[in-house]
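Visitor: Next one to model:
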Amino acid sequence: MTAPAERVIAVVTAGLTTPSSSRLLADQLAAAVQDELSGRGIASRVELIEVRDHAHDLTNNLLTGFPTASLQTVLDTVTAADALIVVSPTFSASYSGLFKMFFDVLDDQALAGKPVLLAATGGTERHSLVLEFALRPLFAYLKALPVPTGVYAASTDWGPNAAKLRSRITQAATELVAALHHETPTHADPYDNPTPFEDLLNS
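Guide: Down below sits the predicted model:
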């Protein structure tokens, strides 16, 4: 029997500092996806893209219309990946300008039909709607296929509520791998594992 082909997961994170909560969340999401694939006997490779490392090239690309060779390599990595994980810090109730700049220079057909796991970080849980009102519309416009569960991590999620965050990460990773295999994901009971949106409504 032929072994399943290796899956390539591109991870785009737009944190501005080192270390950043966006990178921390990105790493946990990538590990959860790899664990899910490994459980199916499928090898995987993660290609991590720190957008801030390409900030100057992105600006020049917007001004000239042409990417540098290094930026083109990064854009090609995203285009060729089997699935995508994106993480943005929250600024002014939306994704960051640096995050948007990256997807502005990507070919508008590059993500068509590609499964995407949406994630964001912020100082307070009340910004969690950024997933539904900013990120999801952007990737719908790009013709990508965002999985149902987005993952938002507020500052408090890294403390006593870490288990709750981990549950959302696991659910989203399961959905991304299911999407890779054109399966209908099994959803957790929303009353046992509420989304950030439901948390907000119940607060």
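Visitor: I'd say A83 and L176 touch.
Guide: Yes - with contacts counted by C-beta atoms under 8 Å, A83 reaches L176, the gap being 5.7 Å. To be clear about C-beta, it is placed using only N, CA and C from the backbone, and glycine gets the same treatment.
Visitor: How is the residue positioned nearest the centre of the chain assigned, secondary-structure-wise?
Guide: Centroid-nearest residue in the chain: V86, 2.3 Å away (criterion: C-alpha atoms, centre = their mean). State at V86, reduced to three classes by DSSP: H, G, I helix; E, B strand; the rest coil: strand.
Visitor: Please name the nearest non-neighbouring residue to it.
Guide: V12 (4.8 Å; C-beta to C-beta, 6 or more residues apart in numbering).
Visitor: and the one you found, that's in a helix?
Guide: No - going by three-state DSSP, the assignment for V12 is strand, not a helix.
Visitor: which ones are touching it?
Guide: 49, 51, 78, 84-87, 99, 102 (C-beta atoms under 8 Å, 6 or more residues apart in numbering).
Visitor: sorry, back to before: and the residue nearest to the centre of the chain, bridged to which residues?
Guide: V12, L118 (DSSP bridges).
Visitor: For it, give its distance to L48.
Guide: 12 Å (C-beta to C-beta, to the nearest Å).
Visitor: Mutual contacts of these two, please.
Guide: 11, 13.
Visitor: Check the contact lists of A83 and L176 and give me the overlap.
Guide: With C-beta under 8 Å, 6+ apart as the test, A83 and L176 both reach 33, 115-117.
Visitor: Can you pick out the residue with more neighbours from A83 and L176?
Guide: L176 (27 against 23; other C-beta atoms under 10 Å).
Visitor: Pipe the contacts of V12 into JSON lines and attach distance to L180 per row.
Guide: Output for the contacts of V12, formatted as JSON lines (distance: C-beta to C-beta, whole Å):
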{"residue": "I49", "distance to L180": "19"}
{"residue": "V51", "distance to L180": "23"}
{"residue": "V78", "distance to L180": "16"}
{"residue": "L84", "distance to L180": "11"}
{"residue": "I85", "distance to L180": "12"}
{"residue": "V86", "distance to L180": "16"}
{"residue": "V87", "distance to L180": "19"}
{"residue": "F99", "distance to L180": "23"}
{"residue": "F102", "distance to L180": "22"}
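Visitor: which among the residues you listed gets closest to S22?
Guide: Distance to S22 across those (C-beta to C-beta) is lowest for V87, with 4.7 Å.
Visitor: I'd assumed T121 was in contact with that closest one.
Guide: Yes - the pair V87 and T121 qualifies as a contact (C-beta under 8 Å) at a distance of 6.8 Å.
Visitor: Pull up the overlap in contacts between those two.
Guide: Contacts common to V87 and T121, judged by C-beta under 8 Å, 6+ apart, are 15, 22, 25.
Visitor: got those as a markdown table, with secondary structure, pLDDT and neighbour count columns?
Guide: Output for those, formatted as a markdown table (DSSP: H, G, I helix; E, B strand; the rest coil; pLDDT from 0 to 100; neighbours: other C-beta atoms under 10 Å):
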| residue | secondary structure | pLDDT | neighbour count |
| --- | --- | --- | --- |
| G15 | coil | 94 | 23 |
| S22 | helix | 96 | 29 |
| L25 | helix | 97 | 25 |
